[in-house]
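Asker: curious how this folds, go ahead:
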Amino acid sequence: MQQVKHIAFIMDGNRRFAKQKGLPTLEGHRRGYNKMKEVGDWCIQRGIKYITVYAFSTENWKRSKEEVNYLMRLLQTALTKELNEFTKRGIRLKVIGSRERLSKATIKAIDNAEKETANNKKGTLNIALNYGGRLEIAEAVKKIVEKKVPADKITEETISENIWTAGQPDPDIVVRTSGEQRLSGFLTWQAVYSELFFVAHHWPGFTEKDLDGILDDYNNRHRRFGGN
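Answerer: Below is the predicted model:
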């Protein structure tokens with residue numbers, strides 16, 4: 001049996017779930033947020049040490065102001081009012097993504113949450129906020145240039161050491177809900193050898209049975225990494 005070290009989720013379909021159930025869009029996001037916490041618990045119970053969730057992409061700013069503000073409030077709740085819950089569970093929080101366009105209050109909450117949970121050892125939850133995969137690679141290149149690394153010394157490892165998830169294993173599994181079958185700029189560098197799973201129903205409807213089915217399927221796949 002292959003132990004999954006890192007699983008990543010594209011939490012798609014909150015709005016469609018709400019529409020399907022006759023609920024307001026914002027209620028769909030609230031349920032999606034609660035599902036994120038639930039799925040995190042399931043993963044930790046199964047010995048998965050790293051979980052990454054796609055919470056807000058650089059493209060999501062195009063949504064209505066009301067929706068964007070609500071999503072930011074939800075994330076601030078996770079980083080402030082519920083901080084004790086993460087510590088109780090032994091979860092370290094890390095927020096990956098660009099800080100441009102984030103409010104000062106959000107940045108302050110991120111800094112505090114990362115500091116307060118830094119010594120938690122049971123698992124790490126990466127929240128991808130204002131995140132784009134190509135942007136992450138561009139930012140890594142800028143860091144390398146700033147460090148004045150000679151061109152002939154730049155390797156794949158150099159880039160891996162300068163991306164936002166530096167020091168963490170690449171995801172073994174990437175899951176996308178709601179029937180879409182693309183990565184949408186999620187973990188562009190890290191997901192090159194990830195096993196991909198696409199779930200038909202929306203994120204708030206994701207179940208523990210779905211997770212176990214994915215892990216069972218993963219254990220039946222032979223990961224060659226370019227070999228035989």
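Asker: point out where the chain drops to low pLDDT.
Answerer: Counting by pLDDT under 70, the ranges of the chain that qualify are 1, 223-228.
Asker: if we use 80, what do you get?
Answerer: Within the chain, the ranges that satisfy pLDDT under 80 run 1, 222-228.
Asker: grab the most central residue of it for me.
Answerer: V53 (2.2 Å; CA atoms, centre = their mean).
Asker: elements contacting the host helix or strand of it?
Answerer: Using DSSP states H and E, V53 sits within strand 50-57. Packing contacts for strand 50-57, counted by 3 or more CB pairs under 8 Å, 6 or more residues apart in numbering; DSSP states H and E, involve strand 6-10, helix 25-45, helix 65-79, strand 123-131. (Each C-beta comes from the backbone N, C-alpha and C, glycine too.)
Asker: so where do the helices sit in this structure?
Answerer: 14-20, 25-45, 65-79, 83-89, 104-116, 133-146, 156-160, 208-219 (DSSP state H).
Asker: wait, isn't the residue nearest to the centre of the chain in contact with K37?
Answerer: No. If you go by CB atoms under 8 Å, V53 and K37 don't touch, sitting 10.1 Å apart.
Asker: and the gap between R182 and V39?
Answerer: 21 Å (CB to CB, to the nearest Å).
Asker: looking at those two, which is more packed in?
Answerer: For R182 versus V39, neighbours defined as other CB atoms under 10 Å are more numerous around V39 (22 against 10).
Asker: surely that one is in contact with I7?
Answerer: No. Judged on CB under 8 Å, V39 makes no contact with I7 at a distance of 9.1 Å.
Asker: which residues do the two both contact?
Answerer: I51 (CB atoms under 8 Å, 6 or more residues apart in numbering).
Asker: just list whatever residues bridge to V175.
Answerer: Per DSSP bridges, the residues bridged to V175 are F9, F197.
Asker: what residues are up against it?
Answerer: V175 neighbours (CB under 8 Å, 6+ apart): I7, A8, F9, I10, F197, F198, V199, I214.
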